[in-house]
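Chemist: what follows is a predicted protein model with its sequence.
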Amino acid sequence: MARRSALRGRCGLAAAALALAVTAGGCGGDDFSLPDWEAPGQNARIGDLMIRYAHLAEPRGEPWKPGDDVPAYVWLYNKGAEADRLVGASTPAADSVDIVGPDGKPLSDGVNLPENKLVELEPGKAHLVLRDLRQQVRGGDFIKITMRFQDAGSITFNIQSQIPAYDQSPSPSR
């Protein structure tokens, strides 16, 4: 029984690696799916754009409070044959969402998403900032966010506040 379980685990890992290789390599035609990965953040898809690891930065020592500016990070992979652009974002949980550069200043033109490239919106790079939070958000909580793309359109999905490494308590939204 243990041998069978180990074999099943290895097959699952091999299948996940193959799915990643096909998706990242641009093979497999226009139809691609989102593997169910055990990674922090949320995944979504709109048109030829894959959204990976979307999450709010973890709160430092206490929950995010109303009025806070909260960084949000996401990886965007454009599997299309033409470039697209992240042009905006919004959430009912904040007054506004800015796309900012590494210096924290707003990028009025958004972020270019070249064809068949991964663009990582992370600390020290361009990323999103939720301005003037309207509610308390604990690590593990989910809020709705809408991302707008020049060609692909808009998509709304849940984004999670990363659970602080020191916090082992369950979130009330789980």
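Modeler: Thanks, I have it.

Chemist: all strands of the chain, in order?
Modeler: Ranges of strands in the chain, per DSSP state E, are 42-46, 49-56, 70-78, 84-90, 94-100, 111-113, 117-121, 127-133, 142-149, 153-161.

Chemist: so what's the residue nearest to the spatial centre of the chain scoring on pLDDT?
Modeler: Geometric centre of the chain, nearest residue: Ala54, 1.6 Å, by CA atoms, centre = their mean. Listed pLDDT for Ala54 reads 94.

Chemist: please report phi then psi for the nearest residue to Ile99 once chain neighbours are set aside.
Modeler: Once flanking residues are discounted, Ile99 sits nearest to Leu107: 4.9 Å by CB to CB, 6 or more residues apart in numbering. In short, each C-beta sits where N, CA and C put it, glycine included. Dihedral angles of Leu107 (phi, psi; degrees, to the nearest 10) stand at phi -100, psi 100.

Chemist: if the residue nearest to the centre of the chain is in a bridge, with which residues?
Modeler: Following DSSP bridges, Ala54 is listed with bridge partners Gln42.

Chemist: show me what contacts it?
Modeler: Gly41, Gln42, Asn43, Ala44, Ala72, Tyr73, Val74, Ile145, Phe157, Ile159 (CB atoms under 8 Å, 6 or more residues apart in numbering).

Chemist: how many residues are close by the fifth one?
Modeler: Taking other CB atoms under 10 Å as the criterion, the count of residues near Ala72 is 24.

Chemist: pretty sure it sits against His55.
Modeler: Yes - assessed by CB atoms under 8 Å, Ala72 is found in contact with His55 at 7.0 Å.

Chemist: low-confidence ranges in the protein?
Modeler: For the chain, the stretches flagged by pLDDT under 70 are 1-40, 165-174.

Chemist: circling back to that earlier point, any idea how far the residue nearest to the centre of the chain lies from Arg45?
Modeler: 12 Å (CB to CB, to the nearest Å).
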